[in-house]
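A.B. asks: sequence plus the predicted model coming up.
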Amino acid sequence: MESFTITKANVKSSVLEEVKENGMMLQNVSESLCDDREVVYTAVTNNGMALQWASYRLRGDRGIVAAAVRENKASVIFELIR
């Protein structure tokens, strides 16, 4: 039987796969991953409304907000209420 060690890299890789398919899955990940630019960018390019689950810091990131708004213009509300 092959053993498997859970590491931060394994978790991040799994989360990236999930949010690439369904950006709204961002609501189910840890606070630290909601503050990870790569994870959040991947989520909002799939579904701009995932911006609501991004950290306060990333809701103010121009690149993240721009990607979210390109995907769904209504997502700008989550930047405005940060």
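C.D. replies: Received, thanks.
A.B. asks: use CA for all of it now, contacts and neighbours both
C.D. replies: OK.
A.B. asks: so where's this structure uncertain?
C.D. replies: Applying pLDDT under 70 to the chain flags residues 1-6, 82.
A.B. asks: longest helix in it, please.
C.D. replies: helix 8-21 (DSSP state H).
A.B. asks: chain center to that helix, what's the gap?
C.D. replies: Taking the mean of its C-alpha atoms, helix 8-21 sits 10 Å from the chain's own mean (CA atoms, centre = their mean, to the nearest Å).
A.B. asks: same check on stretch 14-34?
C.D. replies: 5 Å.
A.B. asks: and it, end to end?
C.D. replies: Length of stretch 14-34, first residue to last, CA to CA, to the nearest Å: 14 Å.
A.B. asks: got the contact list for it?
C.D. replies: Residues external to stretch 14-34 that are found in contact with it (CA atoms under 8 Å, 6 or more residues apart in numbering): 12, 39-40, 42-50, 53-55.
A.B. asks: in PyMOL, select just the buried ones from those residues.
C.D. replies: Selecting only the buried entries of those in PyMOL, with 16 or more other CA atoms under 10 Å as the criterion:
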select buried, resi 12+39+40+42+43+44+45+46+47+48+49+50+53+54+55
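A.B. asks: the contacts of stretch 14-34 in helices, which ones?
C.D. replies: Using DSSP H, the contacts of stretch 14-34 in helices are 12, 39-40, 42-46.
A.B. asks: please report the distance of residue 17 from residue 25.
C.D. replies: Residue 17 is 10 Å from residue 25, by CA to CA.
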